[in-house]
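[1] Coordinates for the following, if possible.
(2 chains)
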Amino acid sequence: SQQGEEDPQALSIQEGENATMNCSYKTSINNLQWYRQNSGRGLVHLILIRSNEREKHSGRLRVTLDTSKKSSSLLITASRAADTASYFCATDTSQGAQKLVFGQGTRLTINP
Amino acid sequence: ETGVTQTPRHLVMGMTNKKSLKCEQHLGHNAMYWYKQSAKKPLELMFVYSLEERVENNSVPSRFSPECPNSSHLFLHLHTLQPEDSALYLCASSRLGTGAYEQYFGPGTRLTVT
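    The predicted structure follows:
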């Protein structure tokens, strides 16, 4: 069953603006991860946030996690055309080998 | 480059063919994964290998048969596929342990079943 659900499904903004994507999930997690996928390619890991963490930063990316609301957000600041891609959250509830459950993703388009 | 390679990148096969997808990781990881990505559906985990032992098989039809001969290589053997099996098949690898680790994905094999 689907664990993570991203919102919105599609987002189109102007270059330089900030983009915020949200993810909600249903069960307790060990960690939550965000990935990016350019059209028809493999996924690239962006950030991993553990269940005992509330916020993490990496360059222009900021991820928050609210375990009480079972939700996470990904903020991309000062967006660039190269940020155009699909963004997925994935939840990990397993021990040892991971069994990530992915959401449907948010399709982000940055207009020049 | 993520350190995970997949071949072939594109594959067209008939429903009666037998083919294999290959994945190789150069990262020293001990866990490998097969995913299926169909249009308008979430990424689906198919198989998980931990230290070359299969630990997950998510009710995948038997026409998909995985093989993990060592920690660096993973295969997906295909036979008697259906048109609905057309999808992007992604391989990934990760470290193992009690910590939390990200997965590294290959570029995928775009499979078309005719």
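[2] where in chain A is pLDDT low?
    Filtered on pLDDT under 70, chain A yields the residue ranges A:1-3, A:95-97.
[3] can you count the residues close to B:His10?
    9 (other C-beta atoms under 10 Å in any protein chain shown). No exception for glycine: its C-beta is placed from N, CA and C like everyone else's.
[4] which ones are touching it?
    B:His10 is in contact with B:Thr109, B:Arg110, B:Thr112, counting by C-beta atoms under 8 Å, 6 or more residues apart in numbering or on different chains.
[5] By neighbour count, which of these wins?
    Result: B:Thr109 is most packed of those (other C-beta under 10 Å), 22 neighbours.
[6] just curious, which of the contacts of B:His10 is nearest to chain A?
    Taking C-beta to the nearest C-beta as the measure, chain A lies nearest B:Arg110 of those, at 6.9 Å.
[7] What separation is there between the closest residue to the closest one other than its chain neighbours and chain A?
    Distances taken as C-beta to C-beta, 6 or more residues apart in numbering or on different chains place B:His10 nearest to B:Arg110, at 4.9 Å, with adjacent residues excluded. Look at B:His10 and chain A: by C-beta to the nearest C-beta, to the nearest Å, they are 10 Å apart.
[8] try B:Phe105
    4 Å.
[9] Repeat that for B:Ser20.
    Applying C-beta to the nearest C-beta to B:Ser20 and chain A gives a distance of 19 Å.
[10] isn't there a helix covering that residue?
    No - going by DSSP: H, G, I helix; E, B strand; the rest coil, the assignment for B:Ser20 is strand, not a helix.
[11] check contacts around the residue lying closest to it once chain neighbours are set aside.
    Using C-beta to C-beta, 6+ apart and skipping the chain neighbours, the partner closest in space to B:Ser20 is B:His77 (4.9 Å). Applying C-beta under 8 Å, 6+ apart to B:His77 gives the contacts B:Lys18, B:Lys19, B:Ser20, B:Phe64, B:Ser65, B:Pro66, B:Glu67.
[12] In PyMOL, how would I select just the buried ones from the residues you listed?
    In PyMOL syntax, the buried subset of those is picked out as below (16 or more other C-beta atoms under 10 Å in any protein chain shown):
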select buried, chain B and resi 19+64+66
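[13] Pick the one among the contacts of B:His77 closest to B:Lys40.
    Set against B:Lys40, the nearest of the contacts of B:His77 by C-beta to C-beta is B:Phe64 (20.7 Å).
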